[in-house]
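K.L.:
Give me the fold of what follows.
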Amino acid sequence: MNAATLHTPNVAPHRRSLPLRVGTRRSPLALVQTRQFLHLLTTFCPVLRGMDVFEEHAINTTGDIVQDRRLAEIGGKGLFAKEIHEALLDGRVDFAVHSLKDLETELPPGIVLACTLKREDSRDTLILGPTCDGIDPSDPFACLPSGAVIGTSSVRRQAQLLHARPDLKVVSIRGNVQTRLSKLAAGECAASLLALAGLRRLDMADRASVILDPEAMVPSAGQGIVGITVRADDAELRAMLAAIEDPEAKAVSTAERAMLAELDGSCRTPIGGHARLLPNGALHLTGLVARADGSFLLKRAIHGASADAERMGAELGASLRADCPSDVFG
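P.N.:
As a prediction, the model looks like this:
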């Protein structure tokens with residue numbers, strides 16, 4: 001097996017076996033995100049260029065295999081990472097690439113989130129089928145016919161949509177981006193909702209009928225951010241990855257994930273979390289908790305110094321939990 005010296009500004013040179021093995025889901029979006037990350041890494045670390053450095057390991061996860069049920073029914077969003085965690089812990093891969101919104105807040109012992117990459121657009125989009133038209137950007141849901149069937153597997157999106165339009169009917173629609181768009185085109189639903197970040201990474205942003213304001217449709221915590229996990233004892237990779245971390249992504253994801261952890265959120269509870277840095281450098285965090293049927297929705301915001309991101313997230317999460325009916329987290 002080849003070996004090479006890895007040089008980074010903050011890491012002492014060290015010889016380790018190559019190629020470096022990267023774990024990822026098999027979906028087209030996951031593979032695009034992984035290859036974008038590897039390009040960034042080779043740009044940052046020139047010694048890795050032009051070498052047979054990386055070996056891609058596309059892993060089937062339970063979340064991808066089981067498509068006929070909601071994630072909440074089969075164990076939650078951690079099922080998009082379970083098999084990848086196992087590959088990392090038993091040494092089959094050296095690091096792994098995740099959509100941060102699909103990564104549980106409490107990682108298995110021995111695994112750490114080593115870095116977060118620059119956030120793509122965090123907003124959700126509404127994608128309309130042929131039966132809908134006449135979009136008013138100031139009221140994007142008004143174009144949906146009364147009683148229209150909307151396809152989404154996200155209870156967060158479902159709750160916010162039904163809160164605004166209780167007449168609508170929501171059905172579960174799962175699969176990768178291409179599969180969901182095909183189901184929409186086939187008339188299985190009148191409209192669907194997808195993350196703008198995924199559409200952009202797949203060069204499909206033109207499929208979005210309207211981009212939803214994050215205050216009108218609060219995104220998922222971590223949406224639009226790619227996170228890299230490694231073994232906790234791999235000091236060299238941890239140092240190299242920390243050096244390419246995006247400071248803004250770190251601040252906003254820390255706040256959003258701290259809020260989520262305080263709420264102990266699962267796929268059964270509709271939870272939204274969206275942080276952004278203001279022009280003056282302060283951090284603004286919006287949090288949302290709801291019932292899946294939209295009959296209850298609580299949204300609050302907090303802002304403060306970005307250095308206090310974790311504290312702010314925990315504080316907002318505790319505030320939301322304290323004022324939610326007990327059945328919301330049941």
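K.L.:
Give me the secondary structure label for Arg238.
P.N.:
helix (DSSP: H, G, I helix; E, B strand; the rest coil).
K.L.:
residues near the closest residue to Ser146 other than its chain neighbours, how many?
P.N.:
Nearest residue to Ser146 in three dimensions, chain neighbours excluded: Asp167, at 5.3 Å (Cβ to Cβ, 6 or more residues apart in numbering). Glycine gets a C-beta too; all of them are placed from N, C-alpha and C. Other residues within reach of Asp167, judged by other Cβ atoms under 10 Å, total 10.
K.L.:
Give me the buried positions along the helix or strand containing Leu184.
P.N.:
Assigned by DSSP states H and E, Leu184 belongs to helix 177-185. Using 16 or more other Cβ atoms under 10 Å as the test for burial, helix 177-185 gives 177, 180-181, 183-184.
K.L.:
Using a markdown table, lay out these together with pLDDT and distance to Ser295.
P.N.:
As requested, the buried residues of helix 177-185 are exported to a markdown table (pLDDT from 0 to 100; distance: Cβ to Cβ, whole Å):
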| residue | pLDDT | distance to Ser295 |
| --- | --- | --- |
| Val177 | 89 | 30 |
| Arg180 | 89 | 26 |
| Leu181 | 91 | 30 |
| Lys183 | 89 | 27 |
| Leu184 | 90 | 27 |
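K.L.:
So which of those is the closest to Glu106?
P.N.:
Top of the list for closeness to Glu106, among the buried residues of helix 177-185 and by Cβ to Cβ, is Val177 at 27.7 Å.
K.L.:
Using the three-state scheme, assign the residue most central in space within the chain.
P.N.:
By Cα atoms, centre = their mean, the chain has its centre lying nearest to Lys101, at 2.3 Å. Using three-state DSSP, the structure places Lys101 in helix.
K.L.:
Need the three-state assignment for Leu40.
P.N.:
helix.
K.L.:
do Arg174 as well
P.N.:
Using three-state DSSP, the structure places Arg174 in coil.
K.L.:
Over to the residue lying closest to Leu128 once chain neighbours are set aside: give its phi and psi.
P.N.:
Once flanking residues are discounted, Leu128 sits nearest to Ser209: 4.2 Å by Cβ to Cβ, 6+ apart. Backbone geometry at Ser209, expressed as degrees, to the nearest 10, gives phi -80, psi -40.
K.L.:
same question, Pro219
P.N.:
Phi and psi for Pro219, reported as degrees, to the nearest 10, are phi -70, psi 170.
K.L.:
Quick check: it touching Arg276?
P.N.:
No - with contact defined as Cβ atoms under 8 Å, Pro219 does not reach Arg276; the gap is 10.5 Å.
K.L.:
Which one's more surrounded, those two?
P.N.:
Neighbour comparison, Pro219 and Arg276: the larger count goes to Pro219, with 26 against 17 (by other Cβ under 10 Å).
K.L.:
residues contacting the more buried one?
P.N.:
122-124, 195, 272-274 (Cβ atoms under 8 Å, 6 or more residues apart in numbering).
K.L.:
just checking, Ala275 touches Ala251?
P.N.:
Yes - Ala275 lies in contact with Ala251 (Cβ under 8 Å); the separation is 7.3 Å.
K.L.:
re the thing from before, report the buried members of the contacts of Pro219.
P.N.:
122-124, 195, 272-274.
K.L.:
which ones among those are found in helices?
P.N.:
Secondary structure defined by DSSP state H assigns none of the buried ones among the contacts of Pro219 to helices.
K.L.:
give me the low-pLDDT residue ranges for the stretch 201-330 of the chain?
P.N.:
265-267, 330 (pLDDT under 70).
K.L.:
quick one: the helices in it?
P.N.:
Under the criterion DSSP state H, counting those that start in this stretch, helices of the stretch 201-330 of the chain are mapped to 235-242, 247-263, 309-322.
K.L.:
hang on, the earlier thing: gap between the residue nearest to the centre of the chain and Gly227?
P.N.:
9 Å (Cβ to Cβ, to the nearest Å).
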